[in-house]
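**Q** 3D, please:
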Amino acid sequence: MEVKAGEFLEQINYPADLKKFSEADLVRICNELRQFIVDTVSVNGGHFGSSLGVVELTVALHYVLNTPYDQLVWDVGHQAYGHKILTGRRHSFHTNRIYKGISGFPKRSESEYDTFGVGHSSTSISAALGMAVASQYKGETDRQHVAVIGDGAMTGGMAFEALNHGGIENSNILVILNDNCMSIDPNVGALKEYLTDITTSKSYNRFRDDISYVLTKISDLGPNAHEMVKKVEKTIKGGLLKRSNFFEALKFRYFGPIDGHDVKHLVKVLNDLKDIPGPKLLHCVTVKGKGYALAEKDQTKWHSPGLFDKITGEIKKTNSDKPLAPKYQDVFGNTIVELAEQNKKIMGVTPAMPSGSSLNIMMKAMPDRAFDVGIAEQHAVTFSAGLATQGMVPFCNIYSTFMQRAYDQVVHDVAIQKLNVVFCLDRAGFAGSDGPTHHGAYDLAYMRCIPNMIVSAPMNEEELRNLMFTAQQENMGPFSIRYPRGNGVMVDWRRPMKAIEVGKARMICDGEDVAILSIGHIGNEAVKACLELNSEGIHPAHYDMRFAKPLDETVLHQVFSKFKNVITVEDGCIQGGMGSAVIEFMADNNYSANVIRLGIPDKVVEHGEQPELWAECGYDSKGIVKSVEKLAVSRTTKSIAS
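**A** Presented below is the predicted three-dimensional model:
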């Protein structure tokens with residue numbers, strides 16, 4: 001539902017319109033922009049707190065910069081709602097994250113103002129530096145390049161790699177550190193404490209304010225004043241707070257910290273920084289959820305709250321009187337605690353997603369055995385490997401899409417050494433409205449090709465518990481368990497756990513016309529399809545494979561000996577996935593059958609609710625039925641022709 005904008009915001013369709021207003025008007029524009037975000041997200045859903053926290057920064061940047069010529073790169077992207085609204089998408093913003101609507105993240109194909117597509121953290125500085133070096137090479141000396149990094153993204157190793165490189169290039173780049181002490185959960189680590197020291201050092205900040213006027217006057221003295229200012233500034237920063245020159249040591253000129261909610265001061269500072277060449281870092285202190293009291297108070301809850309009443313703050317729940325099956329992540333969170341109570345070797349690891357993965361349950365119950373390592377997937381994997389060398393059994397919980405960032409560590413540090421690290425891959429398959437940057441499309445394929453790796457996926461909550469129980473057995477080695485975002489199918493899920501024979505499939509129902517081989521939660525769509533097909537007089541056999549590696553070869557010999565028509569179903573990429581493994585088995589064993597593989601096709605699939613995307617790609621229950629009917633028609637036609 002489209003909402004009405006305020007009087008000033010209604011006049012702004014692009015940044016050029018924003019520049020027609022006076023600096024005095026910017027405070028009101030910020031208020032109207034913040035209210036527009038509240039009004040829209042409350043009825044349409046989406047990320048919330050992050051964008052509220054950068055309203056003033058967003059307005060100031062587009063007021064000062066000549067975008068899109070000046071290039072603005074947002075990190076992660078869920079803080080870019082205000083940016084989208086000010087750059088031609090206010091009237092379509094109500095479609096944000098909705099199927100066939102605009103993306104919830106900056107996207108190059110959507111707008112020329114979206115200079116870089118984002119969704120994973122810590123990429124902005126590298127991208128902006130690449131743009132800056134290219135502009136320098138082309139002689140575009142007047143072009144500004146700004147990377148806005150926040151919500152914990154500075155804890156990602158890639159950001160440090162970019163700073164290390166950027167300091168020696170001397171290109172025209174400004175890094176804006178949006179310091180709100182948060183990612184989705186509170187930030188952790190030494191960097192957070194370091195930034196806190198800067199922002200809370202009374203002597204540093206008081207003297208910094210006093211000296212700024214003097215430095216301004218020195219700047220007016222003549223052509224040599226710039227070098228004089230740099231020397232005085234360096235002496236002040238080094239003397240007052242010895243640790244404050246971390247960024248300076250990387251050859252980035254450090255400015256701040258400043259109030260990220262004072263739009264007039266931001267405009268002044270940004271205008272000043274435009275005239276200073278070379279790599280610079282502006283430290284802005286902001287409040288995630290700024291302007292909406294409940295979001296300021298509980299920043300994790302209001303990162304992406306869903307639909308809510310903007311007046312009362314009540315978050316709306318599903319309209320169902322029936323008890324709901326739990327989220328898979330909560331089954332994981334509760335089960336790992338149960339297992340850890342029985343097995344003292346079990347530890348939990350997550351890269352900055354304790355709430356998203358529900359590892360926060362273990363962190364509360366066993367704080368000495370559960371670790372949030374920050375937005376650092378590579379470190380999370382190798383840290384887990386280190387634990388495993390000492391006899392621990394780490395459950396490393398990473399979203400499927402983020403595990404892609406640590407692939408080398410999975411191979412080099414875990415698989416080659418045959419270490420018993422249990423990878424719990426949350427948000428596997430279609431991730432929903434977060435879209436292609438977050439879809440967990442590839443893990444079945446990329447895990448399946450790694451030696452020593454066991455690759456599994458539960459069809460329901462009970463199977464998830466049993467796989468977790470199995471994975472922590474002695475001498476199990478690398479073990480991958482993938483499960484989707486959202487709810488399972490079992491209300492009564494707390495059942496005694498038991499070990500599953502690795503590589504063992506299970507028959508869901510027997511039949512004679514066609515064999516359906518599914519893996520993971522999507523098998524529940526196959527169950528629905530079988531019921532519908534039975535009503536049509538077609539009798540499929542359905543097998544829950546459970547393991548993409550090793551495959552249950554006994555079951556596959558039975559299937560290909562009996563059936564000439566086989567359908568594989570997976571909520572993952574078709575190329576290289578479980579279906580490919582089945583075809584490889586068929587070829588290697590000289591079987592011949594009509595095999596249809598259903599799954600995510602070889603294309604980028606946009607955002608939408610999971611059932612919408614399953615249907616689009618043809619592997620929901622209706623798509624499975626159509627595929628079976630297609631095989632039946634083909635078989636009948638051939639029979640008549642003969």
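**Q** drop to CA atoms for contacts and neighbour counts, all remaining ones
**A** Noted.
**Q** For the stretch 1-150 of the chain, which segments count as strands?
**A** Along the stretch 1-150 of the chain, the segments classed as strands by DSSP state E, counting those that start in this stretch run 71-74, 145-150.
**Q** Tell me which other helices or strands the longest one touches.
**A** The criterion is 3 or more C-alpha pairs under 8 Å, 6 or more residues apart in numbering; DSSP states H and E, and the helices and strands that strand 145-150 contacts are strand 71-74, helix 124-138, strand 174-179.
**Q** Other residues contacting the second one?
**A** By C-alpha atoms under 8 Å, 6 or more residues apart in numbering, the surrounding residues in contact with helix 124-138 are 71-75, 116, 141, 143-149, 158-159, 162-163, 166, 169, 171-173, 175.
**Q** could the strands of the stretch 1-150 of the chain go into TSV alongside distance to residue 484?
**A** Shown next, in TSV, are the strands of the stretch 1-150 of the chain (distance: least, C-alpha to C-alpha, whole Å):
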stretch	distance to residue 484
strand 71-74	27
strand 145-150	27
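**Q** picking up where we left off before, buried subset of the contacts of helix 124-138?
**A** Buried positions within those, assessed by neighbour count (16 or more other C-alpha atoms under 10 Å), are 71-75, 116, 143-149, 158-159, 162-163, 166, 169, 171-173, 175.
**Q** What confidence value was assigned to residue 183?
**A** pLDDT, residue 183: 54.
**Q** Could you list the low-pLDDT ranges of this protein?
**A** 182-245, 318-321, 632-642 (pLDDT under 70).
**Q** Which segments of it make up each domain?
**A** 9-201+241-297, 328-482, 506-641 (automatic domain parsing).
**Q** closest to residue 500 out of the ones you listed?
**A** With C-alpha to C-alpha as the measure, domain 328-482 is the member of the domains of the chain nearest residue 500 (6.0 Å).
**Q** Would you mind putting the domains of the chain into TSV with distance to residue 500 alongside?
**A** Putting those into TSV (distance: least, C-alpha to C-alpha, whole Å) gives the following:
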stretch	distance to residue 500
domain 9-201+241-297	34
domain 328-482	6
domain 506-641	10
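**Q** just so I know, which of those domains lies nearest residue 496?
**A** For residue 496, the closest of those is domain 328-482, at 8.6 Å, according to C-alpha to C-alpha.
**Q** ok, which stretches of the stretch 451-600 of the chain are helices?
**A** 461-471, 523-535, 553-562, 578-588 (DSSP state H, counting those that start in this stretch).
**Q** of all these, which gets the most neighbours per residue?
**A** Mean neighbour count (mean count of other C-alpha atoms under 10 Å) peaks for helix 461-471 among the helices of the stretch 451-600 of the chain, with a mean of 23.
**Q** And that one, what does it pack against?
**A** helix 328-342, strand 479-482.
**Q** starting at the chain centroid, how far to the first one?
**A** Which is helix 328-342. The chain centre lies 23 Å from the centre of helix 328-342; the measure is C-alpha atoms, centre = their mean, to the nearest Å.
**Q** Need the CA coordinates for it. PDB is fine.
**A** Extracted as PDB, the C-alpha positions of helix 328-342 are listed here (Å, rounded to 0.1, in the frame of the first residue of the first chain):
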ATOM      1  CA  TYR A 328      13.900 -24.400  11.900                       C
ATOM      2  CA  GLN A 329      16.300 -22.000  13.500                       C
ATOM      3  CA  ASP A 330      14.600 -22.400  16.900                       C
ATOM      4  CA  VAL A 331      14.700 -26.100  16.600                       C
ATOM      5  CA  PHE A 332      18.400 -25.800  16.000                       C
ATOM      6  CA  GLY A 333      18.900 -23.400  18.900                       C
ATOM      7  CA  ASN A 334      17.000 -25.600  21.400                       C
ATOM      8  CA  THR A 335      18.500 -28.900  20.100                       C
ATOM      9  CA  ILE A 336      22.100 -27.800  20.400                       C
ATOM     10  CA  VAL A 337      21.600 -26.900  24.000                       C
ATOM     11  CA  GLU A 338      20.100 -30.400  24.600                       C
ATOM     12  CA  LEU A 339      23.000 -32.000  22.900                       C
ATOM     13  CA  ALA A 340      25.600 -29.800  24.600                       C
ATOM     14  CA  GLU A 341      24.100 -30.900  28.000                       C
ATOM     15  CA  GLN A 342      24.900 -34.500  27.100                       C
END
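**Q** give the contact list for the closest residue to residue 85 other than its chain neighbours.
**A** Among residues not flanking residue 85 along the chain, residue 93 sits closest, at 6.8 Å (C-alpha to C-alpha, 6 or more residues apart in numbering). Residues near residue 93 by C-alpha under 8 Å, 6+ apart: 2, 40, 84-85, 102.
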